[in-house]
Structures are given as structure tokens and as C-alpha cells.
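Trainee: below are the sequence and a predicted model for it; my questions follow.
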Amino acid sequence: MDYISHLDALGSEANVNILATWSSYSNAERESDSLVEQLQTTLDVEQLLSIYLSAITAQYKINSVELDTYHGKFKSGTRSKSSQAMTLPIRINDRLMGRISYFSEKPITDILMSSLTSSQKKLIYPLRNALAFWQLQQMALKDPLTGIGNRAMYDDAIEYKVQHASRFKETFVLMLLDLDNFKTVNDTHGHLMGDDILSAFVTLVKDCLRGTDQIFRFGGDEFTILLEKEGLNGANIVAARIHRAISKNTTFNEYNVSTSIGCACFNENDTPNDLFARADKALYAAKDAGKNCMKIA
């Protein structure tokens, strides 16, 4: 091969290498652009994490991600017992938004951390928007006075409970609570005192519940409680705790405030309205029985 032919051969080989490198770079760029576009399609935090996990799982062997923020904790995927974990901060303009923990089947190396740090940058702004939206949603579902769930949150919760209990053949209890003589407090001592009574009542009731139980302000001085995986025996225990706590509270004694409770246990084929109607009927029975007691549907 003469000198010129040799140069031509080298040039062709170099061109092939350049084209291969460019093709690889172009594919990576397209994948990156695709991820950014996908992350901009939702404001749901967990769905956002799911999209992000799908994009990085094949390349980095990541099987789960967990996001820890000031707003709460979110996760996507399922980690195995053998997974190795590493945590990276999420910052915008040096302000810490939270931290993401990655669970990988591969050993955690500096190269892996550097690669994930680069990929994570694409998540930052969509995540900021999703968290802001999540916070607005939570505000819309909370009672501003007491901080517990409102009627809208109750509607979502009871719908989920009924579907879950029907599917897994479980049970739960709905309790309706109404403050006895509350109107007299408002009329005689003003709404500020009424607000204090409502807030104190929520604090008192929460101390009588387990972490898995839920309390909602249904409206005015009416509240609902969902007792997780409980039957009527559990409802009796909770009602006794509440009545005992109220009887020992000086504020409730001073203003002669107690609570009447109506209780209904979920039955197969119940709809949310069916269950509520039975508990509501039981609440009226408690009022008719002289208040400050619980009646069971």
C-alpha cells in the first residue's frame, strides 16, 4: 500500500470512529431530551418518580428511588434486600429541596454517583413544580382551623377504604361524632371560644386513636373517624377513651360540652353512602338517648 492509500485508509477508519461516537452522543442526547419531555407531562410526584426511575433503571440497575422532602416522603419501585443505597441532595440555587435515595444492584462507585448526579439535574425543576402542586392540593384538603382532613379528604378516604375492604375482605369502622351543646358555647361565649373548643376536641381525639386511624372535620362541630381494620369491639374501646378524656378535661366540663357518637361497621357490598347513612342514624339515636354516648347501627 502506498503512502497516500495508507492515509486514505486511516482517514476512513477515523471517519467511522467519529461517526460511531457522534451516533452514540446523538442517541444519548435524544434520550436526555425524551426524559425531560416525559418529566414535564405530570404534576404528580409519585408518577414523576416512576418516569424518572424507568429512565435510569436499565442503565444504572436502580430498582427503587425514595424522595425525602419537607413536604413528605415519596417513593417508586421495590428494593430488594441485597440493594445497596446511596443518597444525593436536591438543590435549586443552593437551596436544599430534599434528598433522593437510590437503591441499586450494582456496587456504589464514584462513577455511578457522578452519573446519577448528572441525570438527577433533569428532575429538579419538574420536581419543584410537582411538590408545589402537591402542597396546594394538601392545603385544599385540610381544615384550616384544626389541621385535620376536611370533607373533600374524607370523601377520597372513604371511597378508597370501601374499595380496599371489598377487595381484600377486610373490615373497618366509620364513627360520626357531634359535639353536644356546642351551639350554646358559640351563642353565649362567641366563635373564638367555639374555635378553641373545636381545636381542643381534635387534639383530645387524636390522642385516643392509633396512627393508622383517621379523623376528619365533616363540617361545623361534626367529625368523622375511620378506624383501620377494626370491628365494633375496637369502636367501643375508642369511644370509651374519648368520653373518658372529655370527662377529665376542665374546659369541656366548664362549658358542659360532650360528644355523641354514631358507629357503623363496613359490610360487604356497602357503598360509602350506605355506611354513612347507618352511622348517621346511629348518631341520631345517641342524641335521642340523652347525648354523651355511642350508639351502633
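Mentor: Nice, I can see it. The shown structure was predicted, so the numbers you read here are calculated from the model rather than taken from an experiment.
Trainee: alpha carbons only for contacts and neighbour counts from here, please
Mentor: Will do.
Trainee: OK, contacts around the residue lying closest to Phe216 once chain neighbours are set aside?
Mentor: In this structure, Phe216 finds its nearest non-sequential neighbour in Gly149, 4.7 Å apart by C-alpha to C-alpha, 6 or more residues apart in numbering. Taking C-alpha atoms under 8 Å, 6 or more residues apart in numbering, we find Gly149 in contact with 141-143, 215-217.
Trainee: where's Gly149 relative to Asp156, distance?
Mentor: To Asp156, Gly149 is 10 Å away according to C-alpha to C-alpha, to the nearest Å.
Trainee: again with Lys229
Mentor: For Lys229, the distance to Asp156 - C-alpha to C-alpha - is 18 Å.
Trainee: these two: which has the busier surroundings?
Mentor: A side-by-side neighbour count of Lys229 and Asp156, using other C-alpha atoms under 10 Å, places Lys229 first with 15 against 11.
Trainee: I'd say Leu48 and Tyr125 touch.
Mentor: No - the pair Leu48 / Tyr125 is not scored as a contact, 11.3 Å apart, by C-alpha atoms under 8 Å.
Trainee: which of these two has more neighbours?
Mentor: Remark: of Leu48 and Tyr125, Leu48 carries more neighbours, 21 against 15, as counted by other C-alpha under 10 Å.
Trainee: and what about that one, helix, strand or coil?
Mentor: What DSSP: H, G, I helix; E, B strand; the rest coil gives for Leu48 is helix.
Trainee: show me where pLDDT drops low in the stretch 1-150 of the chain?
Mentor: 1-33 (pLDDT under 70).
Trainee: try 50 this time
Mentor: Residue ranges of the stretch 1-150 of the chain with pLDDT under 50: 3, 7, 16, 18-26, 28.
Trainee: which parts of it are strands?
Mentor: Listed in chain order, the strands of the stretch 1-150 of the chain (DSSP state E, counting those that start in this stretch) span 62-69, 73-77, 84-92, 95-104.
Trainee: and those as a markdown table, adding mean neighbour count and distance to Phe133?
Mentor: Formatted as a markdown table, these follow (neighbours: other C-alpha atoms under 10 Å; distance: least, C-alpha to C-alpha, whole Å):
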| stretch | mean neighbour count | distance to Phe133 |
| --- | --- | --- |
| strand 62-69 | 20 | 14 |
| strand 73-77 | 17 | 14 |
| strand 84-92 | 15 | 17 |
| strand 95-104 | 18 | 14 |
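Trainee: great, nothing more from me.
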